[in-house]
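Asks: whatever this is, show me its structure:
(5 chains)
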Amino acid sequence: MSDTLLEIENLETHYGKIHALRSISFSVREGQIVTLLGANGAGKSTTLKAISGLIRSTSGSIRYLGEDITRKPAHEIVQMGLIHVPEGRKIFKGMTITENLELGSFTLDDDAERKRRMDHVFDIFPVLHERKSRDSAFLSGGEQQMLAIGRSMMTNPKLLLLDEPSMGLAPFLVQQIMKIVLRLNKEGVTILLVEQNAKVALKLADHGYVLETGKIVIRGSARTLQQDESIVKAYLGEQ
Amino acid sequence: MKKTLLLSSVGSALTGLLLLGQVATAGDLKVGIMVPTTGSEATYGKDMENAINLAAAEINKAGGVLGMNIVTMTGDAACDPQQATAAASKLVSAEVTAVVGGYCSGATMPTMKIYGDANIPMVIPAANSTKLIDINQGNAFQINSTGFDQVKTAVGLFKAKGINKLAIIHQGDGYSEDLAKLTRESWTGMGKEVVAYEVVNKGEQDQSALVTRIKSKAPDAVFWTAYYADGSMVIKQLRQGGYRNLIAVGDGSNSPKLLEIAGKAAEGVYCFSNPTVEYLPAAKDFHKNYKATYKQDPDAYAALSYDGMKLMVDAITRAGSTDKKAIIKALAETKDFTGIAGPITFTDKNTLARSNFVILVAEGGKWVLNK
Amino acid sequence: MANFSTILSEWISSQKNRMSILLTLAGIAMFLPLVSSNYGLEVMTNVWFYVMLCLGLNIVVGYAGLLDLGYAAFFAVGAYTTGILTSQFGVNFWLTIPIAVGCSACAGFIIGGPTLRLRSDYLAIVTLGFGEIVRLIARNLEITGGASGLIGIERPSIFGFQLNQIVHFYYVFLILAILACFVSYRLQHSRLGRAWQYVREDEDAAEAMGINRVAVKLYAYVIGAIFGGVAGCFFAVKMTAISPETFMFQQSVLILLGVVLGGMGKIPGVVIGAFALVLFPEVFRDLGSMRMLVFAIVMLIIMLYRPEGIWPAKKS
Amino acid sequence: MSIQDILLQQLANGLILGSFYALVALGYTMVYGIIKLLNFAHGDLYMLGSFVGFVILSILSPYIGNSWAGILCSMVLSMIAVGLFGVLIQRIAYVPMLSAPRLSILITALAVSMVLYNGVMAFTDGQYLAFKTDLGFEGLEFGNVFITYTQMILVGASIILMIVLYLFVHKTLYGKAMRAIAIDQDACRLMGINVNKIIALTFFIGTSLAAAAGIMAGTYYGSIHFFMGFVIGLKAFTAAVIGGIGSIPGAMLGGLLLGLLESFGTQIPFIGTEWKDVFSFGILILLLVFKPTGILGKTEIERM
Amino acid sequence: MALLEVNNLALSFAGLHVIKELEFSVEEGSIASLIGPNGAGKTSVFNCLTGFYRPTAGTIIFNGKSIIHKKPYKITRQGMARTFQNLRLFKSMTVLENVMSGMHCRSSAGPIGAILRTGAQQKEEAEINEFCERCLDFVGLLAVKDRIASNLAYGDQRRVEWARALATQPKLLLLDEPAAGLNHVEKQQLIGLIKRIRDQLGITIFLIEHDMGLVMKVSEKITVIDYGEKIAQGNADEIQNNSKVIEAYLGKEEDEIV
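Replies: Down below sits the predicted model:
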């Protein structure tokens, strides 16, 4: 079997007075798609932010590629091939699509390689190629999501953290995005996916974790979780 | 421990501030200098302070006054009325016998009340707004010719040069506006034309728009009534912009710096001034000593400030005591005191009886007397 | 430094200690003229004057959280109103005060009204521009005495007693400063004072609570302007001469400095700020031309070590 | 001069002055755009630039003279020196303040400004120093409009600097990172951008542009003084706000507009030059009242 | 009778349609909820109701009067109060002072009264104090009234927001995710509090919530929106079994993907 790429142990974080994550532990192995599920405010996005270094965790450890990255600044973690596509896309509105993509490869010095990666992104997202010199602020929600994913691919990621890529998207777009996620995974990118759309996420994933108020309450293979009634409960409340 | 230390040090600083007593030995004579040594006018103030201190040093070297050594104390007026009143009060509280100083008219005015109330003899070398005369309580003596005198000289030159259309530029401060206004009144009173009456904001470097405006009015002469710092830029840009007629500047611009900064553009510029160090035989030594001591050329008011100190000491010697009333009386009775900048005699308003104004012209990078 | 401030804040948080400090300070202020030289009085008069100005600006900046880089304009409006009315129309000084209050309130309204839509940084430039416009108008008009300003403003008398000596003005400004503290305190602990604080801390939440933020901010501008205007009236008669140079941008900056240095929104803080503003340059007077440099460095250090101002923040 | 000539000459004057304002305003706006700080010390860095340039020129002039070669050399050297100084100021005075209340950091900037000009004052004894160069008054006459070669070269230099900056910001990765940081710092971190480094770079560029303008002003106007940054600082601030603070093209536009406003402001019929600034500040206030974010500033979501 | 009636409401930002032709009503004296997945536009609806956003079309009738395009403070004065999704307390002020903000629109003293401490002003201050203490007592926070708000535990801070909203003396209370960040015990207390506000104070309640357990327990009527459009309405049972709702929350089965 493949190696463990990311390992999280007893992670705790606080936002001021709020205890956002309580002793989170899980691991992601190379080549997998792992999904974090749960209602809003359960701590999914916080987990991703802690991993990518956007927020400091209070205690616990995050190991990536065998190295402890718990205290590393975000920009250094990126250079190790761990890329976080944040919630709400956070594309650089006011800059063109090409510029957004170029910033994705900020750490890269090789222009030819940059060109090659950009062509690859355009190959996956032809729609971005069509509008490459347009201001990204005028893209639709789905296109913005594509740009956010495309931008992260410019770094040549090993591990991609995707935070609700389907949020606010029409169903056919959700489908398209998920296909892309699968394609990336096939190309060798390990994926940690936070999703609202539980059914779709579990269909793609190897493993799943369900969070509730900052704790992992259910864990298991995607197949077993798909059968689990408590997933519905986590989203829609007790009957 | 730390706390008490801090409190006590702050406390002692404050006590010192409030109760204040400058340490001076019995054989010293304290003379206050009130000039701006900080703020945007510090350039002029430092120059005046230097000249006054130079005079004091010379007097001390020659045995002092009435057997006493002169100790000077500088109060920074900062060209700001509030700072100036504090500085004046500090000098009064330090029991100075006399004060030499006063540069910005606006800041000098409120201090005159303080010195007047304390009956301290004061010689004002630079500030010369005509408004100073009205609030003088009799203790202050202006040794810079007033605006009235300057206007007479200026208008005389313009008439002699056959000028008809005059442009006047001032700088929006009391001194230069006063001079500009008086000139305008006098000139239009003679039935001539003032085609432009403009103001330049202090510190604004670019004057091209003003130059264009003035050129469009085609004046025969431009009169700059303010200081050299901005004046040199106005002159430079007037010439650069193609203005070829006469340019004249007031006494605030009488400085070698103007020639240095404006360079070639300043050639042929006229300046109305008190006699200055460049050509007065009496001033040669002063110029040399000043340069030796401070490594720079003396500026517009250096000679007058130097004279101010010398005059004060002369009055004290004539009074034969440090009694303030006696000194004031002696100052009022001054007759043809020979300063390096010309003879000094006072009117009953404590202004110069005879204008010392001369006309200088810039030639070969130097101010020379206009023939 | 931190240690000192915790001791201080603990000590002053006791009501009894606070009253005794206040009484001691009032006593010192009352009897200061008995021991101080005229210079000391001059400086302290200046302190009381800046206390009033800083407290006025504090209402705008500290209470309502609005940036104002043109506060000297209100001070100018007050000073010129009194100057013009007394010297050119022979109006009694005491009568000019209500007129000056009206004029400065109008000025506050004029600047407040159109700027309320602006974010703080734009507010900075608009208030700065307004301050400059007021100064330039004063410089350019005949009635304001042009660049030389007004001179010979008569000193007022009260019940036949003419205010003339520095001691008299010391007490006048002391009373004004105490009055300013009193009014500030009362306003701060009132419905309006709370509304300012709500708007400052969270404009949206305040509005959701039914607070008309436009009206509340306008009140701040107008009341702040009145403080400045009244201070200006007394400034004019104390100096007997006023000129536009006094109301330059640097003056506004200085007042703002006092407010922030001491601690915005806290009356003792602002008072300390005003003290620092006037006393530091005086303490350093003997340094000659270096004194403003030292003053600036001291301020920078204070800001770096106590970004929220000298006075400790309220703790609970 | 006919009215037409006057207006044309004023147009030229306004554009020349405006390009200066724009150059200084750029630094203001860049720093604001990236860390939302109104750097009131910017005008003083302009002043410092001219002083450093003056010193360097007086050291170099025996070897390469006082003309363009010397000026160019000292300009480049002083841009680097003052730029680094700007970064130092940012590290010492601004970085520790980033989490402090907005007003405190503004006051810190004012204090830095006071330290700078009072420091230079103490050093120079408050003297006006003559910035001596061998530049002449020769120029070209276009009809009745006269422009000196010096003016042309200086305007040319500031246009070149602005073009270089524009290309840097829009064509290089570092420039793009600068713009991106102004939009979203967190997202930049996730792209592997070292945000602190880019902020320091921004300070360096903004400050060295001010220094460049300072030297140009020194050589052109012929004198330098510790207080010379004050007026231009205010003007540049105004220009940056008119254009929409934070926007680089806005600063250029605002600078030019302010230059034109001022030069035409001296030419308004019936009122004198003393009202010039009342006029430009009045227009500024009106503009902001009707367009609260400046000409090119971003408008926020419509709210009631 | 409907206390709040929304018809045809639409909102768009820069061409993006956040709310589309939304219609719903809230009956006087009821507890109603608005739910929907993340990004569905729920908070935008609240912001339109309270005047923080300017709807592009539609009508909002509150208590018989149109409140569309009115300023937020005026809407509050008419009797609609709200809490915020992320706590929006006045952080450096005491709990009591926070609550007093609610009374601002029910009192009138101006600066003159404040400076002179007139009789009317003192009486009013006493009334404000008294009423706010009652509000604090109601949410169980009277004991901590003099503490600085930001020093309270998170759940208590939430309740301060409630007391503050109650102090505006509303007819309708809008709660934006009241349970966010609360633990299990606190959630139980919350349910009790919501019911008490309606039953004892007679205030109508309209809430947005993600915690479905809570929504299902307290709501009498639930409106579900997705992509800014209403997809279902009904009581807890009806909603939980509505296929459109389940799809919106859990997603469609997307067979084609794999």
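Asks: make it CA atoms for all contacts and neighbour counts henceforth
Replies: Fine.
Asks: what's the neighbour count on the closest residue to residue D:216 other than its chain neighbours?
Replies: The shortest distance from residue D:216 to any non-neighbouring residue, by CA to CA, 6 or more residues apart in numbering or on different chains, is to residue D:154 (6.7 Å). By the criterion of other CA atoms under 10 Å in any protein chain shown, residue D:154 has 20 neighbours.
Asks: buried sites along the strand or helix carrying residue D:154?
Replies: Assigned by DSSP states H and E, residue D:154 belongs to helix D:149-171. The neighbour-count check on helix D:149-171 (16 or more other CA atoms under 10 Å in any protein chain shown) flags D:150-151, D:154-155, D:157-159, D:161-162, D:165, D:169-170 as buried.
Asks: any idea which of those is closest to chain E?
Replies: Minimum distance to chain E across those is 25.2 Å, recorded for residue D:170 (CA to the nearest CA).
Asks: A helix includes residue C:56, no?
Replies: Yes. Counting by DSSP: H, G, I helix; E, B strand; the rest coil, residue C:56 is located in a helix.
Asks: follow-up on the earlier one: thinking the residue nearest to residue D:216 is in contact with residue D:215, fair?
Replies: No. Between residue D:154 and residue D:215 there is no contact under CA atoms under 8 Å: 10.2 Å.
Asks: overlap in contacts, the two.
Replies: Both residue D:154 and residue D:215 lack any common contact, where contact means CA atoms under 8 Å, 6 or more residues apart in numbering or on different chains.
Asks: ok so, going back, restricting to C-alpha, output the helix holding residue D:154 in PDB.
Replies: Backbone C-alpha positions of helix D:149-171 (Å, rounded to 0.1, in the frame of the first residue of the first chain) are rendered in PDB as follows:
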ATOM      1  CA  TYR D 149      15.300  71.100 -21.800                       C
ATOM      2  CA  THR D 150      15.600  70.500 -18.100                       C
ATOM      3  CA  GLN D 151      11.900  70.300 -17.700                       C
ATOM      4  CA  MET D 152      11.600  68.000 -20.600                       C
ATOM      5  CA  ILE D 153      14.300  65.700 -19.200                       C
ATOM      6  CA  LEU D 154      12.800  65.700 -15.800                       C
ATOM      7  CA  VAL D 155       9.300  65.000 -17.000                       C
ATOM      8  CA  GLY D 156      10.700  62.400 -19.300                       C
ATOM      9  CA  ALA D 157      12.500  60.800 -16.300                       C
ATOM     10  CA  SER D 158       9.400  60.700 -14.200                       C
ATOM     11  CA  ILE D 159       7.400  59.200 -17.100                       C
ATOM     12  CA  ILE D 160      10.100  56.600 -17.600                       C
ATOM     13  CA  LEU D 161      10.000  55.800 -13.900                       C
ATOM     14  CA  MET D 162       6.300  55.500 -13.900                       C
ATOM     15  CA  ILE D 163       6.400  53.300 -17.000                       C
ATOM     16  CA  VAL D 164       9.000  51.100 -15.400                       C
ATOM     17  CA  LEU D 165       6.900  50.900 -12.300                       C
ATOM     18  CA  TYR D 166       3.800  50.100 -14.400                       C
ATOM     19  CA  LEU D 167       5.700  47.300 -16.200                       C
ATOM     20  CA  PHE D 168       7.100  46.000 -13.000                       C
ATOM     21  CA  VAL D 169       3.800  45.800 -11.300                       C
ATOM     22  CA  HIS D 170       2.000  44.400 -14.300                       C
ATOM     23  CA  LYS D 171       4.500  42.200 -16.000                       C
END
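Asks: what's the mean pLDDT across it?
Replies: Mean per-residue pLDDT for helix D:149-171: 88.
Asks: and for stretch D:51-61?
Replies: 93.
Asks: tell me the buried residues in it?
Replies: Neighbour count says stretch D:51-61 has D:51-54, D:56-58, D:60-61 buried, by 16+ other CA under 10 Å.
Asks: just the strands in chain C please.
Replies: C:157-158, C:161-162 (DSSP state E).
Asks: what's the closest residue to residue A:189 other than its chain neighbours in contact with, if anything?
Replies: Among residues not flanking residue A:189 along the chain, residue A:158 sits closest, at 5.1 Å (CA to CA, 6+ apart). For residue A:158, the contact set (CA under 8 Å, 6+ apart) comprises A:81-83, A:188-190.
Asks: who does the top helix by length along chain B touch, helix- and strand-wise?
Replies: Ranked by residue count and defined by DSSP state H, the top helix of chain B is helix B:42-61. The contact analysis (3 or more CA pairs under 8 Å, 6 or more residues apart in numbering or on different chains; DSSP states H and E) places helix B:42-61 against strand B:28-35, strand B:69-76, helix B:281-294, helix B:302-319.
Asks: list the buried residues in the helix or strand that the last one is followed by.
Replies: Pointing back at helix B:302-319 there. As assigned by DSSP H and E, the chain's next helix or strand after helix B:302-319 is helix B:324-332. Buried residues in helix B:324-332, counted by 16+ other CA under 10 Å: B:324, B:326-332.
Asks: in which helix or strand does the nearest residue to residue A:23 once chain neighbours are set aside reside?
Replies: In this structure, residue A:23 finds its nearest non-sequential neighbour in residue A:10, 4.0 Å apart by CA to CA, 6+ apart. According to DSSP H and E, residue A:10 maps onto strand A:4-15.
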